[in-house]
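*Asks:* Predicted model follows, preceded by the sequence.
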Amino acid sequence: MQPTLKLGNRFSVRLLKSSELTNEERDSMWAIIEHNMSTMSSQSSMGWDAEDKQKETFHSDSRFIILSVATSESDTGRSEQQGAQVIGFSVFRFDYEEGEKLLYCYEVQLCESSRRLGLGRFLMHEIIRIGRAWNMEKVMLTVLKVNTDAARFYREIGYAELQSFISRR
Ligand SMILES: CC(C)(COP(=O)(O)OP(=O)(O)OC[C@H]1O[C@@H](n2cnc3c(N)ncnc32)[C@H](O)[C@@H]1OP(=O)(O)O)[C@@H](O)C(=O)NCCC(=O)NCCS
């Protein structure tokens, strides 16, 4: 099933499984992750391993909430063809840890021009909504210590720090 919701005819929101992604969607998401995270991760104790990150992101259990914007003829240079450009997404999996059913959020990523519009908040609310609908007990995620902007974002939308185990080099 691929539900699509139009937000004022500007953004489309789709929920997809890994197996349902097109190559173009994978490439677009990977480009955003690489742009947003490679330098920051290299500066952290986690380091940056592109192959591992791709495997983790596009794992067969991964689920994706993808935000796209329609690209017009003039944007693409193609006549009579309208495409969609991925502007942000979240990646999550249903998991089971220490006796608890949890929804683990692996990524929330927005391209630079689509930040501070409330889309990150929207994606995280969707994650919580899906978690509740499937009776998950918790939503968990990991934030790099060096990613202070993201830490502020999560705090602002109500996430609490559970454990601090990633340290700055
Ligand atoms: C972190 C990220 C997902 C936030 O998404 P966003 O759509 O820009 O955030 P929102 O517009 O929903 O912001 C909600 C609130 O969070 C806080 N916030 C968001 N970004 C912030 C920033 N860079 N610095 C400080 N506070 C921030 C603000 O209080 C904001 O409300 P306001 O804009 O009314 O002040 C986005 O900046 C991003 O993709 N960053 C790069 C990738 C990344 O680091 N992902 C997280 C990996 S763990």
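*Replies:* Arrived safely, thanks for sending.

*Asks:* In this structure Gly120 contacts Val108, no?
*Replies:* Yes - using Cβ atoms under 8 Å, Gly120 is in contact with Val108, at 5.7 Å. Where you see a C-beta, it was placed from the backbone N, CA and C, and this is true even at glycine.

*Asks:* shared neighbours of those two, which are they?
*Replies:* Residues within reach of Gly120 and of Val108 at once, by Cβ atoms under 8 Å, 6 or more residues apart in numbering, are Gly88.

*Asks:* Start from the N-terminal end of this protein and give the helices.
*Replies:* For the chain, the helices defined by DSSP state H cover 23-42, 50-57, 73-76, 119-133, 148-156.

*Asks:* among these, which gets the worst mean confidence?
*Replies:* Note on the helices of the chain: helix 73-76 shows the lowest mean pLDDT, a mean of 49.

*Asks:* Residue of this protein nearest the ligand, please.
*Replies:* Gly120 (2.2 Å; Cβ to the nearest ligand atom).

*Asks:* Report how many residues lie close to that residue.
*Replies:* 21 (other Cβ atoms under 10 Å).

*Asks:* And for Met136?
*Replies:* 21.

*Asks:* try Gly47
*Replies:* 10.

*Asks:* cool, and the one 10 residues further on?
*Replies:* If you count neighbours by other Cβ under 10 Å, Thr57 ends up with 19.

*Asks:* Kindly report the same for Glu137.
*Replies:* Neighbour number of Glu137 under other Cβ under 10 Å is 12.

*Asks:* Could you find the closest non-adjacent residue to it?
*Replies:* Glu100 (4.9 Å; Cβ to Cβ, 6 or more residues apart in numbering).

*Asks:* Tell me the bridge partners for that neighbour.
*Replies:* Glu97 (DSSP bridges).

*Asks:* Tell me the residues of this protein that contact the ligand?
*Replies:* 36, 108-110, 115-121, 143, 147, 149-150, 152-153, 156 (Cβ under 6 Å from any ligand atom).

*Asks:* Please repeat the previous calculation with a cut-off of 5 Å.
*Replies:* For the chain, the contact set with the ligand under Cβ under 5 Å from any ligand atom comprises 36, 108-110, 115-116, 118-121, 143, 149-150, 152-153, 156.

*Asks:* List buried residues within those.
*Replies:* Asn36, Val108, Gln109, Leu110, Leu119, Gly120, Val143, Ala150, Phe153 (16 or more other Cβ atoms under 10 Å).
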